[in-house]
Each structure stands twice: as C-alpha cells, then as structure tokens.
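Asker: Following is a predicted model, sequence given first.
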Amino acid sequence: MKLGIVGTGAMGRTMAAHALEEGTFSRIHMIEPTEPGCWPEERLDLIIDFSHPDALEGIYDYCRRQGGGIPVVIATTGYGPQQETLVKLLEKSVRWTAAVTIPEESAS
C-alpha cells in the first residue's frame, strides 16, 4: 500500500515515522502542498492531511486525476464554505476526524 502524508510539519513527520515502523505501507510519500509538482504520479492508497485548509483543492484535484475512491483522512481544521464544498464532493471517500493527537512519548 502507498501512503501520502500531506504536510511535512511535526505531525506529518511523526505519522511517517510511525507508518514506517508499523510496516504496512510499501511506500510513503511526504507531500508539501506549497511546492509545485508535489503530488506523485502513482496512485496512493490512502492520504492523510496534516496541512492547511488551502491544500484541500490540491487533494481534491489529485484524487480526481487518479479516478477517485482514495480514502482521505482530514486532520486539518479551519475550513470555510469553499473547502466544505470540496469535502462534500469527496465525501464518499473522505474520513473526518476532529483532531489528531499523538502521545507525548511518540512525538519526540
């Protein structure tokens, strides 16, 4: 399975470290949505977003280019009406979470 982690900050890096350790994913892509050409050509099996509300359009576009049906875990807050519309377009494959925390001993 191929994992895409959107957002390369502390939460994204921590999630990548846990995913590597756990061993389920054959490939982990760290995606910084502010960088041009950040999305992989290959189809991801799961996307976890720890970035910014403005990144949602890029996630939506990537999923559409890949034919849809990619589960997306959104761990970002602060969406406005435009982003909420995009989420509704993705809602068959989007999994919502209000907040994500990682235990302190794992965050270092």
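Answerer: Sure, I can see it. Numbers count the residues shown, from 1 in each chain.

Asker: Skipping adjacent residues, who's closest to residue 5 in space?
Answerer: Spatial nearest neighbour of residue 5, excluding adjacent residues (Cβ to Cβ, 6 or more residues apart in numbering): residue 12 at 4.8 Å. Placement of C-beta: from N, CA and C, glycine included.

Asker: What of residue 52?
Answerer: Nearest in space to residue 52, with sequence neighbours left out and distances taken as Cβ to Cβ, 6+ apart, is residue 76 at 6.5 Å.

Asker: show me the residues around that neighbour that make contact.
Answerer: Residue 76 makes contacts with 7, 49, 50, 51, 52, 53, 55, 56, as judged by Cβ atoms under 8 Å, 6 or more residues apart in numbering.

Asker: Counting neighbours, what do you get for the fifth one?
Answerer: Okay, so that is residue 52. Residue 52 has 15 neighbours, counted by other Cβ atoms under 10 Å.

Asker: So it is in contact with residue 33, correct?
Answerer: Yes - contact between residue 52 and residue 33 holds when scored by Cβ atoms under 8 Å: they sit 7.2 Å apart.

Asker: Between these two, which contacts overlap?
Answerer: Common neighbours of residue 52 and residue 33 (criterion: Cβ under 8 Å, 6+ apart): residue 7.

Asker: what sits against residue 46?
Answerer: Per Cβ under 8 Å, 6+ apart, neighbours of residue 46: 1, 2, 3, 4, 70, 71, 72, 73.

Asker: can those go into a markdown table with extra columns for secondary structure, pLDDT and neighbour count?
Answerer: Putting those into a markdown table (DSSP: H, G, I helix; E, B strand; the rest coil; pLDDT from 0 to 100; neighbours: other Cβ atoms under 10 Å) gives the following:
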| residue | secondary structure | pLDDT | neighbour count |
| --- | --- | --- | --- |
| 1 | coil | 95 | 11 |
| 2 | strand | 97 | 16 |
| 3 | strand | 97 | 20 |
| 4 | strand | 97 | 25 |
| 70 | coil | 88 | 20 |
| 71 | coil | 87 | 15 |
| 72 | strand | 88 | 23 |
| 73 | strand | 87 | 18 |
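
Asker: of all the residues you listed, which comes closest to residue 18?
Answerer: Taking Cβ to Cβ as the measure, residue 3 is the one of those closest to residue 18, at 10.7 Å.
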